[in-house]
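Colleague: Predicted model and sequence follow; I will ask about them next.
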Amino acid sequence: YNGGEEWLLQLREYLDGTFDWIESFAKEHMPRLKLRRPEGTYILWMDFRGYGMTPDEVNDLILKKAGVILERGEMFDQETGAGFQRICIPAPRSMVQEAFYRFEEVFEVKK
């Protein structure tokens, strides 16, 4: 606990950079996707309701077409979680970027 401050600062900077990239990418390539940037964690809540699909349709596209495993919002809030998905972003940024490129590919063809 006494020697990790530099590591923690670098980690926070890296995660912030990943969040910045996601926000920029979504704004430009997936404008119907709404994001809720976390304040105290590294789990990003994504709101897919702007695509006009059921939560099952959203989940099927993400899992079966994009090939990405996420956590459905209903797992955490039965009343208001429908249409949301959670993604943990402490991974190599290239992996997170690949997931978002895949999301764009399967969701934006449905315009």
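Modeller: That came in fine, so what should we check first? Predicted model only: the values in this text are computed from it and were never measured.
Colleague: Show me what counts as buried in stretch 28-43.
Modeller: For stretch 28-43, the neighbour count (16 or more other C-beta atoms under 10 Å) marks 30, 33, 35 as buried. For every residue, glycine as well, the C-beta is placed using N, CA and C.
Colleague: OK, contacts around the first one?
Modeller: Each residue near residue 30 by C-beta atoms under 8 Å, 6 or more residues apart in numbering is listed here: 100, 103-104, 107-108.
Colleague: Out of the buried residues of stretch 28-43, list just those in strands.
Modeller: Those of these mapping onto strands are residue 35, per DSSP state E.
Colleague: of the buried residues of stretch 28-43, closest to residue 2?
Modeller: residue 35 (35.5 Å; C-beta to C-beta).
Colleague: what's the closest one in contact with, if anything?
Modeller: Here residue 35 is in contact with 22-23, 26, 44-47 (C-beta under 8 Å, 6+ apart).
Colleague: Looking at those residues, which is nearest residue 2?
Modeller: Using C-beta to C-beta, these come closest to residue 2 at residue 44, 30.8 Å.
Colleague: and the residue nearest in space to the middle of the chain, which of the three is it?
Modeller: The C-alpha lying nearest the average C-alpha coordinate of the chain belongs to residue 87 (C-alpha atoms, centre = their mean; 4.4 Å). With DSSP: H, G, I helix; E, B strand; the rest coil as the basis, residue 87 sits in strand.
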